[in-house]
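A.B. asks: got a structure for you, letters missing:
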């Protein structure tokens, strides 16, 4: 059991470390380029390379059942869910096999609408409530995994 973080634009890295420390879980921070991150012994930093999907590919390769993946990337979420990992978005929204199909469809629809100029805004701003929800859901996820038999 480990926590894999799509770290390039992740606003909740500190929160991940707090929960990981409490449960003594390894954390793998994956990015496309070197980034400043904690030197905590539980944290491993991996630089995947400059190819746009390199970090996603590395996370998808490393993820497995009983792992938690932190990402806002919907296609990456679909890949790791297919491998049995749990996914949590930085805003605290969990994704699972029941929700990923509709989430992918909505992502594709919004991409199309942005490409055609129908909508011009991006996602809503990250709020304090998102951070609080993230912490709560991550804690609940990890406790649930720990209760499962390996």
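C.D. replies: It's in. Note that the structure is predicted; figures quoted are calculated from it, not measured.
A.B. asks: Have a look at the chain and report its longest helix.
C.D. replies: Using DSSP state H, we find that the single longest helix of the chain is helix 128-147.
A.B. asks: My understanding was that residue 75 contacts residue 56; is that so?
C.D. replies: Yes - the criterion here is CB atoms under 8 Å, and residue 75 meets it with residue 56 at 7.3 Å. C-beta coordinates here come from the backbone N, C-alpha and C atoms, glycine included.
A.B. asks: Between these two, which is the more surrounded one?
C.D. replies: Neighbour count, other CB atoms under 10 Å: between residue 75 and residue 56, residue 56 has more, with 21 against 14.
A.B. asks: and the more buried one, that's in a strand?
C.D. replies: No - secondary structure of residue 56 (DSSP: H, G, I helix; E, B strand; the rest coil): helix, not part of a strand.
A.B. asks: Would you check that it makes contact with residue 78?
C.D. replies: No - in this structure residue 56 lies outside contact range of residue 78 using CB under 8 Å: 10.7 Å.
A.B. asks: contacting residues around the closest residue to residue 64 other than its chain neighbours?
C.D. replies: Excluding the flanking residues, the one nearest residue 64 by CB to CB, 6 or more residues apart in numbering is residue 83, at 5.8 Å. If you count contacts by CB atoms under 8 Å, 6 or more residues apart in numbering, residue 83 has them with 60, 63, 64, 65.
A.B. asks: Now residue 83: phi and psi?
C.D. replies: Main-chain torsions, residue 83, degrees, to the nearest 10: phi -90, psi 0.
A.B. asks: Look up the closest residue to the residue nearest the centre of the chain, ignoring the ones flanking it.
C.D. replies: By CA atoms, centre = their mean, the chain has its centre lying nearest to residue 70, at 1.7 Å. In this structure, residue 70 finds its nearest non-sequential neighbour in residue 5, 4.6 Å apart by CB to CB, 6+ apart.
A.B. asks: In a strand, that neighbour, correct?
C.D. replies: Yes - secondary structure of residue 5 (three-state DSSP): part of a strand.
A.B. asks: now it: how far from residue 118?
C.D. replies: From residue 5 across to residue 118, the span is 33 Å (CB to CB, to the nearest Å).
A.B. asks: more neighbours, those two?
C.D. replies: residue 5 (26 against 10).
A.B. asks: I'm done for today, thanks for sticking with me.
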